[in-house]
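> this one's sequence-less:
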Ligand SMILES: [Zn+2]
């Protein structure tokens, strides 16, 4: 009997596959913190957790793993995520990045799956573009509360699995020029959007289900495109009407020349070369790293468990 006995139906080698996988998680707030908790339980071994913020009082209605004592200590969200994972696993591989994900691209491009649980449409589109460039499956979760008037509110949300070459979040209609313009005009004046713990949990759970489908032998043919709609008032999470229509659509928004090109940043290319040298054990014959290289090499070495 092992701790994963009751999920052994996921496949004979699912435990080792999950432990070997590395998840990139951008945004550790209401949605992302649920994913940290669940993937920690599930047995995923590697994490690149990214968030520039620390916990605040208004987070405490939904930030999984965050405690009231963290308010006084001004604990960062990455520290809370790391604590949560370490409480569930003996030897996790964690790279916490207390910064925007734009400063974590070197770490994120080594991930097997990237999950975006961020607020802005602009950021989601950028993150999806980045994931496609590196041929990494991207899962997007998001929720919103719509004011229907007369003090009536509708909780809505979506979970989208976006794979290189397949329909993207623009194909889904989640990203539109109108929304991007509206968001840009409101920037800095929009205030906090409503968020609640159970809706975040429903969306995050669906995302973790997709992660399990992609990483384990549970699904013989893992999905290549998923678009689920959440209606928090009805309590339903169902395939969006467009999911079937978009299933075989060739995405026009991300041209082939933009995908699978990991060399667009020459500095990152050099880091990748250093990574390969480390793997092959050739580093000893190369010149000692300059101070410029010390930090990235240390991060890579930590990541590889060396
Ligand atoms: Zn598209």
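Perfect, thanks for sending it. From a predicted model like this one, the values you see are computed outputs, not experimental measurements. Residues are numbered from 1 along each chain as shown.

> Spit out the contact partners of residue 120.
residue 183 (C-beta atoms under 8 Å, 6 or more residues apart in numbering). (C-beta placed from N, C-alpha, C; glycine too.)

> sorry, that was for residue 98
Residue 98 touches 51, 52, 76, 78, 79, counting by C-beta under 8 Å, 6+ apart.

> Tell me which two of the residues you listed sit farthest apart.
Within those, two members stand farthest from each other by C-beta to C-beta: 52 and 79, at 12.6 Å.

> The two: which has the busier surroundings?
Taking other C-beta atoms under 10 Å, residue 52 and residue 79 do not tie; residue 79 has more neighbours (20 against 16).

> Which strand or helix spans that one?
helix 77-86 (DSSP states H and E).

> From the contacts of residue 98, pick the one nearest the ion.
The ion lies nearest to residue 51 out of the contacts of residue 98, by C-beta to the ion, at 26.9 Å.

> I'd say that closest one and residue 29 touch.
Yes: in this structure, residue 51 is within contact of residue 29 by C-beta atoms under 8 Å, at 7.3 Å.

> So, low pLDDT: which residues of the stretch 51-200 of the chain?
Along the stretch 51-200 of the chain, the parts satisfying pLDDT under 70 run over 187-191.

> Return the residues of it in contact with the ion.
Neighbours of the ion within the stretch 51-200 of the chain, by C-beta under 5 Å from the ion: 168, 170, 171.

> change it to 6 Å
167, 168, 170, 171 (C-beta under 6 Å from the ion).

> ok, now which ones touch the first one?
Going back to what we said before, that points to residue 167. 225, 227, 246, 247, 249, 251.

> in this structure, which spans are strands?
22-26, 46-50, 93-97, 113-116, 138-149, 152-162, 225-231, 236-239 (DSSP state E).

> List the buried residues in the longest one.
For strand 138-149, a neighbour-count test (16 or more other C-beta atoms under 10 Å) marks 138, 139, 140, 141, 142, 143, 145 as buried.

> Output the contacting helices and strands for it.
helix 30-42, strand 113-116, helix 121-133, strand 152-162, helix 197-215 (3 or more C-beta pairs under 8 Å, 6 or more residues apart in numbering; DSSP states H and E).

> What strands line up against the shortest one, and which way round?
Here the strand partners of strand 113-116, with direction, are listed using DSSP bridges: strand 22-26 (parallel), strand 138-149 (parallel).

> How confident was the prediction at residue 249?
pLDDT for residue 249: 89.

> Excluding covalently adjacent residues, which one is nearest to it?
residue 167 (4.9 Å; C-beta to C-beta, 6 or more residues apart in numbering).

> Residue 201 now?
Closest to residue 201 by C-beta to C-beta, 6+ apart is residue 34, at 5.1 Å.

> Looking at residue 51 and residue 29, which one has more neighbours?
The residue with more neighbours, out of residue 51 and residue 29, is residue 51; 27 against 21, by other C-beta under 10 Å.

> Kindly provide the distance from that one to residue 59.
11 Å (C-beta to C-beta, to the nearest Å).

> joint contacts of those two?
With C-beta under 8 Å, 6+ apart as the test, residue 51 and residue 59 both reach residue 29.

> which residue is nearest the centroid of the protein?
In the chain, the centroid-proximal residue (C-alpha atoms, centre = their mean) is residue 115; its distance is 1.8 Å.

> Please name the nearest non-neighbouring residue to it.
Distances taken as C-beta to C-beta, 6+ apart put residue 139 closest to residue 115, at 4.7 Å, once the chain neighbours are dropped.

> wait, what's in contact with that neighbour?
113, 114, 115, 116, 159, 160, 161, 162, 207, 210, 211.

> repeat for residue 158
Contact partners of residue 158, counting by C-beta under 8 Å, 6+ apart, are 140, 141, 142, 172, 174, 203, 227, 228, 229, 230, 240.

> Quick check: the residue nearest to residue 115 vs residue 97, distance?
Residue 139 is 19 Å from residue 97, by C-beta to C-beta.
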